[in-house]
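Student: only geometry, no sequence info:
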């Protein structure tokens, strides 16, 4: 079984491809931009993107969207994490958190799968809870990894972990595993 | 001549209706959410929304999108101004600007008009330049008005002006006037 993953991010493709292969699912990379709508809900954004991509490509596809949600900032930067990263960056987010005691945050990943022939549009999400560090630490990963300390990481930020270690904990891995289980059961139906 | 303005914002409808009436154009209010895509370009966002709304309503429509672009923050909050306002708010933006000397900013409004029968999809923009204040001032208007000092306002923020005065200077009024001139010329063709 082969399904298309529509993303311009090679790292995401490689992570998904490796994880899904262990479930017997082959991933084909479609290196294209997805149209994303504006919404406070990652699920709504991902589902619309998957629908649009499935219509265009005329094949079953999945897409992934992720964000960092900081409790004290009302969920900011949330669904707009990439834009915020490109503009005010990690240092901007730390500046907003200056003097803020509640540093609780989570990363969320949502995968949306669409198969128009079978009339399926499903979403799978994964979260990893943690807190925002006081300063950036570590050099691995990308994006907000240097300022996110997952609860299960002995106080290290994501950027202080190897890719392998981060992938065992990460929101994206959790969403991918939920997706893979669903796909496996679906084939039995 | 009557055209539909798709917006959930009564204030925007009233401003547009008043200004376009003086050009002999009647505006009908369609109080519905527009689907907005994620993009760094207000024009792209507004054009896609107008197309989608025109397809759904099967009539010529226009929509409006606006944002505050702060130079020192790489254009942030830009197209995501509403989301940023709802989460970190005016005080969050001021915190990001603490100790920042370059306070240049502009408001931009883009109106997109779509008439599928005539195959028209046009965008009109208006900007007002100014700077970010050191603290919020004034109680009129909405959104970022209390922290935006337009260059032509004698040092007052938008929130320290009456609606009438703000409307003569505002980005939205400028975009509306460009739109109205275009509509008037178009009818002569």
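Tutor: Looks like it arrived, so ask away. These numbers were taken from a predicted model, which means no experiment stands behind them.

Student: can you give me the strands for chain A?
Tutor: Using DSSP state E, the strands found in chain A span residues A:2-6, A:26-30, A:61-70, A:77-78, A:104-115, A:120-132, A:148-150.

Student: So which of these is nearest chain B?
Tutor: Nearest to chain B among the strands of chain A is strand A:77-78 (7.3 Å), distances taken as Cβ to the nearest Cβ. Where C-beta positions appear, they are placed from N, C-alpha and C, glycine not excepted.

Student: Can you list the strands that the closest one pairs with?
Tutor: Using DSSP bridges, strand A:77-78 pairs in its sheet with strand A:61-70 (antiparallel).

Student: so how far is the strand it pairs with off the chain centroid?
Tutor: 4 Å (Cα atoms, centre = their mean, to the nearest Å).

Student: Likewise for stretch A:127-136?
Tutor: Using Cα atoms, centre = their mean, the offset of stretch A:127-136 from its chain centre is 16 Å.

Student: and what of stretch A:163-172?
Tutor: 11 Å.

Student: Kindly report the residues of chain A close to chain B.
Tutor: When proximity is defined as Cβ under 8 Å from any Cβ of the partner chain, chain A approaches chain B at A:35-38, A:40, A:45, A:73-80, A:83-84, A:86-88, A:92, A:95-96, A:98.

Student: and if we set it to 7 Å?
Tutor: By the rule Cβ under 7 Å from any Cβ of the partner chain, the part of chain A lying against chain B is A:35-38, A:73-76, A:80, A:83, A:86-88, A:92, A:95-96.

Student: Show me which of those are buried.
Tutor: Among those, those classed as buried by 16 or more other Cβ atoms under 10 Å in any protein chain shown are A:35-38, A:73, A:75-76, A:80, A:83, A:87-88, A:92, A:95-96.

Student: give me the low-pLDDT residue ranges for chain A?
Tutor: Along chain A, segments meeting pLDDT under 70 span A:187-189.

Student: Could you list every helix and strand in contact with the top helix by length along it?
Tutor: When chain A is parsed with DSSP state H, its longest helix is helix A:171-188. Using 3 or more Cβ pairs under 7 Å, 6 or more residues apart in numbering or on different chains; DSSP states H and E as the contact definition, the elements that helix A:171-188 packs against are helix A:10-21, strand A:61-70, strand A:104-115, strand A:120-132.

Student: Now tell me what touches it from outside.
Tutor: Helix A:171-188 is contacted from outside by A:1, A:15-16, A:19-20, A:23, A:25, A:62, A:64, A:66, A:107-111, A:113, A:122, A:124-128, A:167, using Cβ atoms under 7 Å, 6 or more residues apart in numbering or on different chains.

Student: Quick check: PyMOL command selecting the buried ones in those residues.
Tutor: To isolate the buried ones among these in PyMOL, judged by 16+ other Cβ under 10 Å, type:
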select buried, chain A and resi 15+16+19+20+25+62+64+66+107+108+109+110+111+113+122+124+125+126+128
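
Student: need the contact list for the closest residue to residue A:79 other than its chain neighbours.
Tutor: Spatial nearest neighbour of residue A:79, excluding adjacent residues (Cβ to Cβ, 6 or more residues apart in numbering or on different chains): residue A:67 at 5.2 Å. Residue A:67 makes contact with A:42, A:77-79, A:81, A:108, according to Cβ under 7 Å, 6+ apart.

Student: Provide the partner residues of residue A:67 in its beta bridges.
Tutor: So, taking DSSP bridges as the rule, residue A:67 has residue A:108 as bridge partners.

Student: measure it to residue A:172 for me?
Tutor: As defined by Cβ to Cβ, to the nearest Å, residue A:67 lies at a distance of 12 Å from residue A:172.

Student: where's stretch A:40-48 relative to the chain centroid, distance-wise?
Tutor: Relative to its chain's centre, stretch A:40-48 lies at 12 Å (Cα atoms, centre = their mean).

Student: now stretch A:155-169
Tutor: Chain-centre distance of stretch A:155-169: 15 Å, with Cα atoms, centre = their mean.

Student: Need the residues that contact it.
Tutor: A:15, A:128, A:133, A:137-141, A:145-150, A:152-153, A:173.

Student: how long is that stretch from one end to the other?
Tutor: Terminal residues of stretch A:155-169 lie 14 Å apart, using Cα to Cα, to the nearest Å.
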